[in-house]
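Enquirer: The sequence and its predicted three-dimensional model are supplied below.
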Amino acid sequence: MKTFYWGEAVKLLLTIAMFSLVFINLKVVFMPLFVCYISALIVHWTAPLYFKQS
């Protein structure tokens, strides 16, 4: 279980680092970027429910 939490922490830190790099190096609009990011996360989390085998 410890490795699971370690992996989640690394994923969170990498996400923060990547968003920081994008905002520092590119001119992007804040809201559309996060709406797309959240939409992708929701699809990732709900797709297994949609394709669940009976």
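Expert: That came in fine, so what should we check first?
Enquirer: quick one: average pLDDT of the longest helix seen in the chain?
Expert: Residue-count comparison of every helix in the chain, with assignments taken from DSSP state H, identifies helix 2-25 as the longest. Rounded to a whole number, the mean pLDDT of helix 2-25 is 93.
Enquirer: and the gap between Met31 and Ala17?
Expert: With distances defined as CB to CB, to the nearest Å, the gap from Met31 to Ala17 amounts to 21 Å. C-betas here are computed from N, CA, C, even on glycine.
Enquirer: mind exporting the next helix or strand after the longest helix of the chain as PDB, just the C-alpha atoms?
Expert: Next helix or strand after helix 2-25 toward the C-terminus (DSSP states H and E): helix 30-50. Extracted as PDB, the C-alpha positions of helix 30-50 are listed here (Å, rounded to 0.1, in the frame of the first residue of the first chain):
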ATOM      1  CA  PHE A  30      -6.300  29.400 -17.700                       C
ATOM      2  CA  MET A  31      -9.900  28.200 -17.800                       C
ATOM      3  CA  PRO A  32     -10.000  26.200 -21.000                       C
ATOM      4  CA  LEU A  33      -6.800  24.300 -20.000                       C
ATOM      5  CA  PHE A  34      -8.300  23.200 -16.700                       C
ATOM      6  CA  VAL A  35     -11.700  22.400 -18.100                       C
ATOM      7  CA  CYS A  36     -10.000  20.100 -20.600                       C
ATOM      8  CA  TYR A  37      -7.800  18.600 -17.900                       C
ATOM      9  CA  ILE A  38     -10.800  18.000 -15.600                       C
ATOM     10  CA  SER A  39     -12.800  16.500 -18.500                       C
ATOM     11  CA  ALA A  40     -10.000  14.100 -19.300                       C
ATOM     12  CA  LEU A  41      -9.800  13.000 -15.700                       C
ATOM     13  CA  ILE A  42     -13.600  12.400 -15.500                       C
ATOM     14  CA  VAL A  43     -13.600  10.400 -18.600                       C
ATOM     15  CA  HIS A  44     -10.600   8.400 -17.300                       C
ATOM     16  CA  TRP A  45     -12.400   7.600 -14.000                       C
ATOM     17  CA  THR A  46     -15.800   6.900 -15.500                       C
ATOM     18  CA  ALA A  47     -14.900   4.900 -18.600                       C
ATOM     19  CA  PRO A  48     -14.400   1.600 -16.600                       C
ATOM     20  CA  LEU A  49     -18.000   2.000 -15.400                       C
ATOM     21  CA  TYR A  50     -19.300   2.400 -18.900                       C
END
